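Visitor: model the structure of this input:
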Amino acid sequence: MKKWLLALWFACLLLSGGSADATSQTAVHPVVFKLENNRQEVLLIKPQEVKKVYVEKALPVGKVILFSRPYELDDYLYAAWVHEGKLYDLGSIGMVPYANESYVHLYQLNGHQILRIDGVYQPQAIQSNYYQFTGEAIKPYLRVDGNVAEADLDGDGRKEIIATHDGGKTWLYRELSNGQFEVADINRQLRAKEVIFQREDDLFIAKMDGETIRLIYRKDGLHEVR
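Guide: The predicted structure follows:
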């Protein structure tokens, strides 16, 4: 009888230990977002406002040109959507000396038809301008500074946008149901000196005082991965 009780006690001990391991969780860091103030504009301009075209790309609807303006002292590079003989100014997207490093891409993102234009202002200073096509019209979507990645981090079917600056400053953008964006400063949230995003496995790598931690983003925050 005593042997049976002893065996039962060991079995309970093992089950209890296993259950504790299964329910143990790593630290979760809450992420606070704030509403992003998008200052992009789309304005109708005259052909006389185009000095020189540096890049031209045809789209299923119209085309996109990257150009300089006359009478400007600075070498800013601008973008415009050309449709049915009209020019729609999309704003400054970089500098003329880096025109050949610009990137123009039309694709689907979060159920929208998106025009993304990446421009360079100086080495390691990249800006991504997103615009949304609705029918045969175009409107601002989002402007992001830094090296950009897009990934569905929390598994809700909508991709977040992650932007990392040279020096390890990282921001996380998420789209709301009304089309607006919220942004979170990941360095500030974690009190980290440096945060980078590892695209291969959707991990944030944060360098803290005396340690480096790996995290994944979920709806309730950033989960440490051990």
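Visitor: after the worst-scoring helix or strand of the chain on mean pLDDT comes which helix or strand?
Guide: Sorted by mean pLDDT, DSSP states H and E, the helices and strands of the chain end with helix 2-23, the least confident at a mean of 40. The first helix or strand that comes after helix 2-23 along the chain, using DSSP states H and E, is strand 28-29.
Visitor: which other helices and strands contact that following strand?
Guide: Strand 28-29 is packed against strand 221-225, with contacts defined by 3 or more Cβ pairs under 8 Å, 6 or more residues apart in numbering; DSSP states H and E. Where you see a C-beta, it was placed from the backbone N, CA and C, and this is true even at glycine.
Visitor: spatially central residue for this structure, please.
Guide: Nearest to the geometric centre of the chain sits Ile161, at 2.1 Å (Cα atoms, centre = their mean).
Visitor: that one and Val148 touch, don't they?
Guide: Yes: the pair Ile161 and Val148 qualifies as a contact (Cβ atoms under 8 Å) at a distance of 6.2 Å.
Visitor: show me where the chain has helices.
Guide: For the chain, applying DSSP state H gives helices covering 2-23, 186-190.
Visitor: the residue lying closest to Ala206 once chain neighbours are set aside and Ala184, how far apart?
Guide: Among residues not flanking Ala206 along the chain, Ala192 sits closest, at 4.1 Å (Cβ to Cβ, 6 or more residues apart in numbering). Applying Cβ to Cβ, to the nearest Å, the value for Ala192 to Ala184 is 13 Å.
Visitor: poorly predicted segments of the protein, please.
Guide: For the chain, applying pLDDT under 70 flags the ranges 1-25.
Visitor: and the residue nearest to Ala206, how many residues sit next to it?
Guide: The local packing of Ala192 (other Cβ atoms under 10 Å) involves 22 other residues.
Visitor: tell me the contacts of it?
Guide: 186, 206-208 (Cβ atoms under 8 Å, 6 or more residues apart in numbering).
Visitor: distance of it relative to Leu203?
Guide: Separation of Ala192 from Leu203 (Cβ to Cβ): 14 Å.
Visitor: find residues that contact each of these two.
Guide: Between them, Ala192 and Leu203 share no contacting residue, judged by Cβ under 8 Å, 6+ apart.
Visitor: quick one on the thing from earlier: find the nearest non-adjacent residue to the residue nearest to the centre of the chain, please.
Guide: In space, and not counting its chain neighbours, Ile161 is closest to Tyr173: 4.1 Å by Cβ to Cβ, 6+ apart.
Visitor: hang on, that neighbour packs against Asp185?
Guide: No: counting by Cβ under 8 Å, Tyr173 does not reach Asp185; the two are 11.0 Å apart.
Visitor: who has more neighbours out of those two?
Guide: Tyr173 (20 against 16).
Visitor: flag every buried residue along stretch 144-163.
Guide: Neighbour-count burial for stretch 144-163, counted by 16 or more other Cβ atoms under 10 Å, picks out 144, 146-150, 153, 159-163.
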